[in-house]
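Asker: here is the input, now give the coordinates:
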Amino acid sequence: MDPARKRKIRLVVALTAAVVLAGALVWTSFGSATEAATPSQALRGAAGRSIEVTGKVVNGSVRRGDPLRFRVRDRNGTTSIPVVYRGTIPDPFREGREVIVTGRMRGGTFMGERDSLVTKCPSKFQSKPGGKTL
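Answerer: A predicted model of the protein is given here:
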């Protein structure tokens, strides 16, 4: 076989393999993603599906133990859902903090996946009550 033709065949095979591997990587990345939802969205139709719920921990709702129980509410609303969570609890977790937890809705309660709780820390760049940023 001609050496030039052999090089072309190797190049085509290598490029095809690279494209297939890149496609598989993209497919895997987007295929395993979960939806982010507010508590009100989770109540409306997320039964059985794995989702991420984001919201603020309701004051007076935290019951520590195994499992940890608390309520999460919409950022700008009053709708809240109970959350049952087992796993590592982040140090900044407390009432009033915004959290993200992955899990499934079951019977009106959000069952968090083990070690999926993330606490969003308040930004030091939030506006002051007077309208000025720090």
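
Asker: how about low-confidence regions in the protein?
Answerer: 31-35, 46-47, 122-134 (pLDDT under 70).

Asker: would you tell me which helix is longest in it?
Answerer: If you go by DSSP state H, the chain has its longest helix at helix 3-31.

Asker: quick check, distance from that helix to the centre of its chain.
Answerer: Remark: helix 3-31 is offset 32 Å from the chain centroid, using C-alpha atoms, centre = their mean, to the nearest Å.

Asker: for it, list every residue counted as buried.
Answerer: Using 16 or more other C-beta atoms under 10 Å as the test for burial, helix 3-31 gives no buried residues. (Each C-beta comes from the backbone N, C-alpha and C, glycine too.)

Asker: same question for stretch 65-73.
Answerer: Under 16+ other C-beta under 10 Å, the buried positions of stretch 65-73 are L68, F70, R71, V72, R73.

Asker: and what of stretch 52-69?
Answerer: Buried-residue list, stretch 52-69, by 16+ other C-beta under 10 Å: E52, V53, T54, G55, K56, V57, V58, V62, L68.

Asker: so what would you say the end-to-end distance of it is?
Answerer: Start and end residues of stretch 52-69 are separated by 17 Å (C-alpha to C-alpha, to the nearest Å).

Asker: tell me the contacts of V84?
Answerer: P67, L68, R69, T109, F110, M111, G112 (C-beta atoms under 8 Å, 6 or more residues apart in numbering).

Asker: from these, pick the one nearest Y85.
Answerer: The nearest member of those to Y85, counting by C-beta to C-beta, is G112 at 3.7 Å.
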